[in-house]
Each structure stands twice: as C-alpha cells, then as structure tokens.
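Peer 1: fold the following.
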Amino acid sequence: MRFALIAALAAMFFALDAGCKKKQAESDEIVIGEYGALTGPIANFGQSSNKGVRLAVKQANAAGGVLGKRIRLVTVDNASDATQAATAVERLIAREGVVAIIGEVASKLSLAGGAIAQQNKVPMVSPASTNPEVTRNRDYVFRVCFTDDFQGPVAARFALRQGWKRVAILTDVANDYSKGLAATFRKTFIDGGGTVAADESFRANDKDFNAQLTKIRGANVDAVFLPGYYTEVGLVLTQARQLGMRTPFFGGDGWDSEATLALGSIADGCFFVNHYHPDDPSPAVQEFIKAFRAEYNETPDAMAILGYDAARVLLHAIRKAGSTDRKAIRDALAATVDFPGASGTITIDENRNARKPIKVLELRDGKTLLKESIEP
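Peer 2: Below is the predicted model:
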C-alpha cells in the first residue's frame, strides 16, 4: 500500500512538473494559426500561400522572434471545402489557442472561416481573397490584397483600351470570387461604352464547356472575360481552341498557376490581372524571390508572395501592439500604414482592405509578360 501511494505521488509530481514545463514552454511562444487548401481542387493556391507564410515565420524566428518569443505556426488543411474551412478556424481557436489567424486564399473559404474568426473576435488576415464581402462588417477580418471592386474595373478598362467593344462573360456561379469579379467588370465595361454580347455561366468542377462556348462563338465577340480559377481556365481555353475560336480570353488573379503556364501556345494572346510579376525590378520583390528560391528551389507565384506578406503584416502588428492580446493585435492591424510588403507598399484602409498596385500580365509561349502596372 505504501509503495503504491509513493508511486502514485511520484507519478502526480512528474505529471505536474511536466505540465509546468509545458506551460512554461508555451509561454515562450506566440501561436498563430493558418488555414488553407493544402489538398483538393485549388491546392496549388493553398500550398503556395503556405510556403510564403512558413518562410516569413522562419525569417522572423531567425531574427529573434517577436516580443522576445518564438513564433509557432499551426496550419490546418481545409481540403478546398467551405465547411472544413469553418471547422479549421474553430479548431485553431478552441484547441490551439491561437492569437491570430492567416487565411484563406479563396474568397468562399475566407467567408466561411472569417465568420468564425469574427464571432470569436480573433484577428484574421487573408492573403488573397478579393471578394469585397470577405471583410465587410467584420472588424476582425483583414486582407493584404486588392479587392474585386478594384480588380474588375481594371480588367474592364484594359479591355476598352484594347479596343474590345463586344465581350462575353463566362462566370462560375458556384464561386463567390467569380461572381463578384464578373459583377464589377460588367458595370465598368458597360459604363465605358462596351457591350456584353453573351453572358454565360458554369459551376465549379464542370468539365464540358462546349455549349457555352458555342453560344459565345455565335455572338461574334472581340474577347471573353473568364473570372475563374486556374482549375477551369485550362479546360475552357483548350475546348475553345478545339472549336476553332482564336478570340482572346482574359481574367483575374485566379488564373495565376503553373497549370495555366503549362497550356503553352493554347493561352497565347490571353491576359490576366495579378498581384505581382517576378520580373518586377523592385528590390523588395527581388529579395523575396531570392529567399524563396533558396528555401524551396522554385520561383514564387502571387499566392506565395501574398502569404509571405500576410504573415509579415500580422507579425508587424503583434510587435506594434506589444502584446498578444487579440484586440490589441486587431487595432494594430487596422492602423497599418505604408508597410513595406514584398508585393508592394501596404496600407490598410477603413474597410480593412489593402491599397496597393495591380499588374496586367500577358501569356505568351508558356510564360507571363508584364503588360501594365497600375496604382490604386
């Protein structure tokens, strides 16, 4: 009995000691969360953004951390699914106790996860969700990218400058990003004197676009606006060329992917607006590319540089707040002005959106060429 009691007391002591050590270790860390589409249909986006986030955290820790503490990043895969995005944010808050969250790239997933972050008053920074609704009426949700009500009009004015008076729009009606971008493009294009001669739609994961493309071909348009993700862009362009269409297609930042470049000559003469271009001579861009290549042995895309900037803006806010208090971090994020981001100087406006430049890129021979750079 005595030995059993002693053993029980010893076990309790070691458990308490281990618990104290664990608590001490945790007190020496700042835990931030990230949720992203590391698997599923848009995994290219999530994986690229995650690489940028991890690089920023690694650099911060190598420089001594933040507030004298090491940053610990907890990443949860949402499998490109909105329900899982909400669950991922719930887990990061309830189980991991994060002080802030980075995510998501896709607007549909940010809308789902952002609702949970807002409800729990946990600051969230989206790297690349451009739908205006992501931050609307959510004072704890921010982004470091431009929005569709800037991106869409830029695309519309570009089309008008190209002399495209009659266009078709092909929208993914299951995608908040695509619907929002189509709406802002349509208004600016029509207000500028253009005509939407065909207005067709599809749903994410569709594989056959021949019916829509046949109608568009019959409308005798100068160009086709395709505000979708790379997952459908390749199928649409391939099927259009098979139907004999040589009409230029153009779209938004959702086109940015190695999968789009892999189309080669199929995409020649097409355009899309984006957050950055690797040929940008800016020292900030080139320094980021050098560090990213050293870490991953590849050239970063726009999602990577935005993930990097989202993490850096958040870490800067924690330093500025001088605290891991969630409201203090939120307030510091809201006060971000002229932050030297790799993708451009970032100022967070009164709607928690970033004011920053936008690029127009041309696809040629499996590469992108910088066509224009436009200030906000």
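
Peer 1: the chain: helices as residue ranges?
Peer 2: In the chain, the helices defined using DSSP state H lie at 2-27, 43-62, 82-94, 107-119, 148-161, 176-191, 210-218, 230-242, 258-261, 283-296, 302-321, 326-334.

Peer 1: with mean neighbour count and distance to residue 349 added, can I get those in a markdown table?
Peer 2: For every residue, glycine as well, the C-beta is placed using N, CA and C. Below are the helices of the chain laid out as a markdown table (neighbours: other Cβ atoms under 10 Å; distance: least, Cβ to Cβ, whole Å):
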| stretch | mean neighbour count | distance to residue 349 |
| --- | --- | --- |
| helix 2-27 | 10 | 35 |
| helix 43-62 | 22 | 22 |
| helix 82-94 | 20 | 24 |
| helix 107-119 | 25 | 17 |
| helix 148-161 | 21 | 11 |
| helix 176-191 | 22 | 17 |
| helix 210-218 | 16 | 37 |
| helix 230-242 | 19 | 29 |
| helix 258-261 | 17 | 30 |
| helix 283-296 | 15 | 21 |
| helix 302-321 | 26 | 14 |
| helix 326-334 | 19 | 9 |
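
Peer 1: any low-confidence regions in the stretch 201-350 of the chain?
Peer 2: Scanning the stretch 201-350 of the chain for pLDDT under 70 picks out no residues.

Peer 1: most centrally placed residue in this protein?
Peer 2: Against the mean C-alpha coordinate of the chain, by Cα atoms, centre = their mean, the closest residue is residue 128 at 2.3 Å.

Peer 1: for that one, give me its contacts.
Peer 2: Counting by Cβ atoms under 8 Å, 6 or more residues apart in numbering, residue 128 makes contact with 45, 49, 105, 143, 145, 253, 275, 302-303, 306-307.

Peer 1: same check on residue 237?
Peer 2: Under the criterion of Cβ under 8 Å, 6+ apart, the neighbours of residue 237 are 249, 263, 266-267, 270.

Peer 1: what of residue 365?
Peer 2: Neighbouring residues of residue 365 by Cβ under 8 Å, 6+ apart: 264-265, 268.

Peer 1: again, only this time at 10 Å
Peer 2: By Cβ atoms under 10 Å, 6 or more residues apart in numbering, the contact list for residue 365 reads 261, 264-265, 267-268.

Peer 1: residue 48 too?
Peer 2: Contacts of residue 48 (Cβ under 10 Å, 6+ apart): 36, 105, 127-128, 256-258, 292, 296, 298, 300-308.

Peer 1: you'd agree residue 234 is up against residue 262?
Peer 2: Yes. The pair residue 234 / residue 262 is scored as a contact, 7.7 Å apart, by Cβ atoms under 10 Å.

Peer 1: how is this protein carved up into domains?
Peer 2: 25-146+281-356, 149-274 (automatic domain parsing).

Peer 1: out of those domains, which gets nearest to residue 375?
Peer 2: Comparison of these against residue 375 by Cβ to Cβ identifies domain 25-146+281-356 as nearest, at 8.7 Å.

Peer 1: chain center to the closest one, what's the gap?
Peer 2: In terms of Cα atoms, centre = their mean, to the nearest Å, the centre of domain 25-146+281-356 is set 9 Å apart from its chain centre.

Peer 1: over to stretch 166-186?
Peer 2: From the chain centre to the centre of stretch 166-186 is a distance of 18 Å (Cα atoms, centre = their mean).

Peer 1: before we move on, what about stretch 349-358?
Peer 2: Mean-position distance between stretch 349-358 and its chain equals 14 Å (Cα atoms, centre = their mean).

Peer 1: can you give me the end-to-end span of that stretch?
Peer 2: Start-to-end span of stretch 349-358 (Cα to Cα, to the nearest Å) is 16 Å.

Peer 1: next: stretch 241-251.
Peer 2: End to end - Cα to Cα - stretch 241-251 spans 17 Å.

Peer 1: what comes up buried for that stretch?
Peer 2: Residues of stretch 241-251 classed as buried: 241, 245, 247-251 (neighbour count, 16 or more other Cβ atoms under 10 Å).

Peer 1: a markdown table please, covering those and showing distance to residue 326.
Peer 2: What follows is the buried residues of stretch 241-251, written out as a markdown table (distance: Cβ to Cβ, whole Å):
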| residue | distance to residue 326 |
| --- | --- |
| 241 | 51 |
| 245 | 52 |
| 247 | 50 |
| 248 | 47 |
| 249 | 43 |
| 250 | 41 |
| 251 | 37 |
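
Peer 1: closest to residue 218 among those residues?
Peer 2: Nearest to residue 218 among the buried residues of stretch 241-251, with distances taken as Cβ to Cβ, is residue 245, at 10.8 Å.

Peer 1: ok, now which ones touch that closest one?
Peer 2: 213-214, 216-217, 221, 224, 237, 239.

Peer 1: what backbone torsions are found at it?
Peer 2: phi -80, psi 130 (degrees, to the nearest 10).

Peer 1: how much space separates it from residue 39?
Peer 2: According to Cβ to Cβ, to the nearest Å, residue 245 stands 33 Å off from residue 39.

Peer 1: circling back to that earlier point, out of the domains of the chain, which comes closest to residue 376?
Peer 2: Among these, the nearest to residue 376 by Cβ to Cβ is domain 25-146+281-356 (4.7 Å).

Peer 1: residues near residue 338, how many?
Peer 2: Neighbourhood size, residue 338 [other Cβ atoms under 10 Å]: 8.
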